[in-house]
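>>> Kindly return the folded structure for what I paste below:
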Amino acid sequence: MNEFWNLEPIYRGFDDAAFAADLTVLQEKAALFAEFTQSPEQLPPVEALRRGIALQEDISTLANKLAGYAMLRQAADTRDSEAGSQLGRIMAVISTTAAPDAAFKAWASSLPELMALVESDEVLKQYRFLFENMVDGSRYLLAGLGEEIMARMQLSGGNAWADLQQYLTSTVPVAYNGETTNLSAIRNLAYSPDSAVRKAAYEAELACYDRIRDAVAFALNSIKLETITDCSLRGYASPLERTLKQSFMKRETLDAMLEAMDEYLPKFWQYLKAKAKALGHENGLPWYDLFAPMGAASTQFTAEEAKDYLVKLFSGFDAELADMVAQAFDSAWIDFYPRDGKSGGAFCASVPCLGESRILTNFDGTLGAVVTLAHELGHAFHNQCIRDQRPLNQDYSMPVAETASTFNECVVMAAAIENAKDRAEELALLESQLQDATQIICDIYSRYRFEAAVFANRQEQFMNADTLCGFMTEAQKQSYGDGLDPACLHPYMWVCKSHYYGPTFYNFPYAFGGLFARGLYAQYAAEGEAFVPKYKRLLRATPVATAEDTAKLADIDLTDKNFWRSALQIIADQIDRFCALAAGQ
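Presented below is the predicted three-dimensional model:
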């Protein structure tokens with residue numbers, strides 16, 4: 001089994017003549033696009049639309065290939081200075097297409113019969129969804145130099161404040177056990193099997209925020225006021241409306257999901273209280289024990305065994321998925337093992353020029369590592385399902401981005417729990433699942449509530465660190481209920497979570513993705529083989545349809561609370577089993 005992924009089918013290196021040639025062509029295409037968008041009206045409308053789309057397709061294809069290669073090289077070795085340098089060159093070229101892109105959108109949207117023109121041409125027709133959203137989005141474009149001015153101001157505004165938060169949280173010293181460590185290291189101790197270590201790390205983490213809380217509060221206030229101003233100038237009713245527009249999702253869908261989550265929150269509190277009791281706590285679970293491990297999962301896998309396990313498992317679901325999983329292992333799509341200089345975590349990157357994907361993991365042989373592989377292979381399968389879409393139809397919104405990956409996790413974990421060797425392993429597996437589920441329900445809901453409170457108050461007042469801590473603890477009390485010890489919450493989650501330091505509401509899509517995939521899995525459990533073709537059609541549609549229209553392909557109404565209830569009930573059933581195991585029943 002290979003240890004490293006194979007990038008040579010893309011380029012043999014940065015000295016590959018093909019790399020230099022493609023970069024030159026990208027520069028030429030960017031220049032041609034800029035020239036064309038200065039006066040597209042000189043061509044007949046359909047011809048001009050085709051010309052603009054063709055140039056954008058060429059730019060997108062080349063940019064994905066060039067930048068994708070450089071980013072993969074850099075992820076495999078963060079010390080690869082050449083990769084960083086080349087990526088900078090590529091991004092500089094790509095950035096020159098931003099203004100022409102805005103000009104093309106403005107011109108196309110101004111055509112009185114745009115959609116009729118789109119329907120008259122076979123290529124343009126495939127971009128119906130893109131043009132529909134182009135027209136809708138044109139209502140929110142700033143006139144004249146407004147777009148360029150806003151983009152330039154963000155560099156020294158919101159983007160700079162976000163950089164400050166990242167810098168402060170990555171450099172703040174944390175005093176722990178007579179030594180100095182960093183915030184990432186101290187937060188990782190939340191997973192320690194030693195309760196004393198978890199508690200001491202939590203206390204050290206909270207203490208370190210005193211050094212940076214005021215500066216980070218300024219960053220958060222500034223970013224959110226910029227967002228409110230930007231939304232007002234563009235004509236959005238609220239920052240939330242903008243997020244929903246960008247997510248291609250209705251407010252009715254969000255409301256149905258949140259209302260269903262509200263109904264099931266007490267079930268999650270039941271899980272937290274059962275875990276608290278098992279760990280010896282009487283007043284709910286203290287924050288520092290949220291990620292305390294329970295049970296014992298001892299199964300170990302080699303990479304070859306992981307392949308055999310996943311291929312066999314997914315063969316029972318769909319032969320196309322199983323064949324792709326085997327290909328990923330056999331054709332060196334995967335960079336498996338931890339090493340010095342390699343990026344942490346895991347991700348999957350589409351490589352459209354090959355019709356393949358590349359997956360980075362830090363495989364350690366545990367079942368959790370196999371689940372991570374399955375998750376990333378789900379992204380790869382999603383990429384495969386959309387690879388015959390046209391080049392500009394290969395991006396999908398964040399709410400649906402985790403569909404195939406989380407679905408794969410459901411398949412693997414259902415089998416693993418069913419085949420657990422003993423009660424201790426079953427408890428460990430359930431605990432792992434419920435930790436994740438509690439994060440996407442209770443924690444994400446608390447983040448959504450906190451951010452809503454910040455937006456509701458920012459226009460009228462500057463919120464100092466104490467006020468923000470108050471908003472955060474109140475949001476946690478509402479979302480975690482009596483499942484957590486009210487005397488041991490985390491008032492500084494707004495400091496350490498980077499999600500708040502973008503323009504708006506980078507939270508509820510996580511709950512959407514986790515529940516959407518679980519709802520699909522519930523449907524699969526009910527329908528069996530008949531579900532699989534619908535599932536693949538659904539994945540293929542994600543770049544060219546709203547969230548609601550995508551779901552309809554699987555006969556799902558996202559505005560119906562019953563769908564979200566079906567997803568939440570899967571978790572509720574797991575909670576019942578966990579509580580029985582934790583109580584020794």
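>>> use CA for all of it now, contacts and neighbours both
OK.
>>> And the pLDDT at the residue lying closest to residue 126 once chain neighbours are set aside?
Counting by Cα to Cα, 6 or more residues apart in numbering, the nearest residue to residue 126 once its immediate chain neighbours are dropped is residue 390, at 7.6 Å. Confidence at residue 390, expressed as pLDDT, is 96.
>>> ditto for the one 10 residues further on
The predicted structure scores residue 400 at 91 on the pLDDT scale.
>>> Mind giving me the packing neighbours of the lowest-mean-pLDDT helix or strand in the chain?
Least confident helix or strand of the chain, by mean pLDDT, DSSP states H and E, is helix 146-156 with a mean of 76. If you count contacts as 3 or more Cα pairs under 8 Å, 6 or more residues apart in numbering; DSSP states H and E, helix 146-156 packs onto no helix or strand.
>>> Contacts made by that helix with the rest, please.
With Cα atoms under 8 Å, 6 or more residues apart in numbering as the test, helix 146-156 has contacts from 99, 141, 160.
>>> Among those residues, name the least confidently predicted one.
On pLDDT alone, residue 141 ranks lowest of these, at 78.
>>> That residue belongs to a strand?
No. Counting by DSSP: H, G, I helix; E, B strand; the rest coil, residue 141 falls outside a strand, being coil.
>>> sorry, back to before: give me the buried entries from the contacts of helix 146-156.
Neighbour counting over the contacts of helix 146-156 (16 or more other Cα atoms under 10 Å) leaves residue 141 as the buried ones.
>>> Distance to residue 257 added to the contacts of helix 146-156, as CSV?
Converted to CSV, the contacts of helix 146-156 look like this (distance: Cα to Cα, whole Å):
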residue, distance to residue 257
99, 37
141, 30
160, 34
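>>> With respect to residue 517, which of the contacts of helix 146-156 is nearest?
residue 141 (33.9 Å; Cα to Cα).
>>> Show me how the protein divides into domains.
17-139, 155-172+212-299+366-585 (automatic domain parsing).
>>> And residue 127, how far from residue 304?
42 Å (Cα to Cα, to the nearest Å).
>>> Who has more neighbours out of the two?
Remark: of residue 127 and residue 304, residue 127 carries more neighbours, 18 against 12, as counted by other Cα atoms under 10 Å.
>>> Neighbours of residue 118, how many?
Counted with other Cα under 10 Å, residue 118 comes out at 21.
>>> helix or strand right after the least confident helix or strand of the chain?
Later in the chain than helix 146-156, the nearest helix or strand by DSSP states H and E is helix 158-171.
>>> Please put the alpha-carbon coordinates of stretch 381-401 into CSV.
Output of stretch 381-401 as CSV, limited to C-alpha atoms (Å, rounded to 0.1, in the frame of the first residue of the first chain):
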residue,chain,number,x,y,z
PHE,A,381,-17.6,10.3,-4.4
HIS,A,382,-19.5,13.6,-4.4
ASN,A,383,-16.8,14.9,-6.7
GLN,A,384,-17.2,11.9,-9.0
CYS,A,385,-20.9,12.4,-9.2
ILE,A,386,-20.5,15.9,-10.5
ARG,A,387,-17.5,15.5,-12.7
ASP,A,388,-19.6,15.5,-15.9
GLN,A,389,-21.0,18.9,-15.0
ARG,A,390,-19.6,21.8,-16.9
PRO,A,391,-16.5,23.5,-15.3
LEU,A,392,-18.5,26.4,-13.8
ASN,A,393,-21.0,23.9,-12.3
GLN,A,394,-18.7,22.1,-10.0
ASP,A,395,-19.0,24.1,-6.8
TYR,A,396,-21.8,23.6,-4.3
SER,A,397,-22.9,25.6,-1.3
MET,A,398,-21.7,24.8,2.2
PRO,A,399,-25.0,23.4,3.6
VAL,A,400,-24.9,20.5,1.1
ALA,A,401,-21.1,20.1,1.1
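>>> So which bits of that stretch are buried?
381-387, 389, 391-394, 396-401.
>>> pretty sure residue 209 is touching residue 491, no?
No. In this structure residue 209 lies outside contact range of residue 491 using Cα atoms under 8 Å: 10.2 Å.
>>> Look up how far residue 490 lies from the nearest residue to residue 404 once chain neighbours are set aside.
Counting by Cα to Cα, 6+ apart, residue 404 lies nearest to residue 378, which is 4.8 Å off, once chain neighbours are set aside. Here the criterion is Cα to Cα. By it, residue 378 lies 33 Å from residue 490.
>>> Neighbour count: the two, which is higher?
More crowded of residue 378 and residue 490, by other Cα under 10 Å: residue 378, with 23 against 18.
>>> quick one on the thing from earlier: the residue nearest to residue 404 is in what secondary structure piece?
helix 367-385.
>>> quick one: residue 246 and residue 473, what's the gap?
Residue 246 is 29 Å from residue 473, by Cα to Cα.
>>> again with residue 439
Between residue 439 and residue 473 the distance is 16 Å, computed by Cα to Cα.
>>> the more surrounded of the two?
Using other Cα under 10 Å, the more surrounded residue of residue 439 and residue 473 is residue 473, with 20 against 15.
>>> what separates that one from residue 501, distance-wise?
Taken as Cα to Cα, the span from residue 473 to residue 501 is 19 Å.
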